[in-house]
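# Got a predicted model here, sequence first, then my questions.
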Amino acid sequence: MAPRPLIDGFGRRISYVRLSVTDRCDFRCSYCMPTEMEFLPKRDVLTLEELDAIGSAFVARGVSRLRLTGGEPLVRKGFLELVQGLSRHIGSGLDELTLTTNGSQLARFAEPLFAAGVRRVNVSLDTLDAGRFRAITRRGEIGPVLEGIAAAKAAGLGVKINMVALKGLNEDEISSMASWCGERGFDLTFIETMPLGLIEEDRTDRYLPLSEVRRELERRLTLVPLTERTGGPARYVRVAETGQKLGFITPLTHNFCESCNRVRVTATGTLFMCLGQEDRVELRDLLRSGGPDALDAALDRAMLLKPKGHDFVIERRAAEPAVGRHMSMTGG
Ligand code: SAM
Ligand code: SF4
């Protein structure tokens, strides 16, 4: 029997879920969270069984792509068991089970992830310079991340690099990052900083519009726009000279909301209908008290709450981000 699809009040079908498995992280990227980030008490975080139940409930309702994220998913104890469990849906409803990682632990996880059915990973890498890497992540080292990326490739995983474009920090590495990825067969996506959660600095100081990134690339490359859409904010081009695919995520524009196919679940089981809005349904307590049926009914209620679009504004709001929660909370 075909699953009853999840369709929101604007007729958009939800087929993609990002599930945050932890809010914790071994890095403190300056655009993501403050140095003294306070993490949630462990008792508030979903258990592995609950994460599996929520992921599976979405798959049962026609969700075909599941992305595990965080925080840093690979620091969650039992992460591999979670992936191994959810992978039972691959081929029976689920087309893709994947993750977004900072890569710090990827070297030891790459092979088991591939064995569990993962075929692609997104790895965040904002710079190729060891000193800058330390400065941006505030406690990360680039060496293990590069080893992790190499291990992922060797294990047969497709690699996509995510690079947040940061004015005055990595804007001079746009072309070199594209070349580095091109030489290794990695796709590359540039991301604009989003006003999510308080950090020490004013994000507008680091805001680098991707129109500038694109201009920089076009000085030496021919970018051919692709019509491909993933239901998210990314727009893609093909580099005519190398065949490499490049993505541009400009979440501050509204041009993707009408085709939005995704929702996000935090590590505490809050289902957010939009990264940039507060509309939510708390799934954890419903699951604990009412089991899978209560969870399924909650998904229907949630569909009516999905807003038409987000209200991000990048202006001089200094200490006041558009959305109070950090990206590490909602899951990037
Ligand atoms: N820790 C993992 C990682 O860094 O890949 C997964 C979670 S992280 C929140 C997911 C993505 O969100 C990363 O690519 C990160 O660079 C990006 N990100 C975090 N905070 C952001 C912000 N305020 N604006 C734009 N991108 C952000
Ligand atoms: Fe951690 Fe990812 Fe946020 Fe960096 S972007 S602090 S790696 S959650």
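Sure thing, it's come through. Ligands and ions are numbered 1, 2, ... in the order given.
# got the contact list for residue 291?
Going by Cβ atoms under 8 Å, 6 or more residues apart in numbering, residue 291 touches no other residue. For glycine as for every other residue, the C-beta is placed from the backbone atoms N, C-alpha and C.
# Near ligand 1, which residues of the stretch 101-250 of the chain are found?
Neighbours of ligand 1 within the stretch 101-250 of the chain, by Cβ under 6 Å from any ligand atom: 101, 102, 124, 162, 164, 191, 193, 194, 196.
# List phi and psi for the nearest residue to the third one once chain neighbours are set aside.
In this case it means residue 124. Using Cβ to Cβ, 6 or more residues apart in numbering and skipping the chain neighbours, the partner closest in space to residue 124 is residue 162 (4.7 Å). Phi and psi for residue 162, reported as degrees, to the nearest 10, are phi -110, psi 130.
# switch to numbering from 640
Yep, numbering from 640; the last one is residue 801 now.
# confidence score at residue 801?
Per-residue pLDDT puts residue 801 at 98.
# Over to residue 965?
75.
# To what extent is it buried, counted in neighbours?
20 (other Cβ atoms under 10 Å).
# correct me, but it touches residue 668?
No: distance between residue 965 and residue 668: 10.3 Å, which falls outside the contact criterion (Cβ atoms under 8 Å).
# hang on, the earlier thing: tell me which of the residues of the stretch 740-889 of the chain next to ligand 1 is nearest to residue 889?
Among these, residue 830 lies closest to residue 889 (Cβ to Cβ), at 8.5 Å.
# Dig out what the closest one forms beta bridges with.
Legend: beta-bridge partners of residue 830 under DSSP bridges are residue 803, residue 888.
# mind listing what it touches?
Per Cβ under 8 Å, 6+ apart, neighbours of residue 830: 801, 802, 803, 804, 888, 890.
# May I ask which two of those are separated the most?
Spanning the widest gap among these are 802 and 890, at 14.7 Å by Cβ to Cβ.
# Walk me through the regions of the stretch 840-971 of the chain where pLDDT falls short of the threshold, as ranges.
892-895, 950-963, 969-971 (pLDDT under 70).
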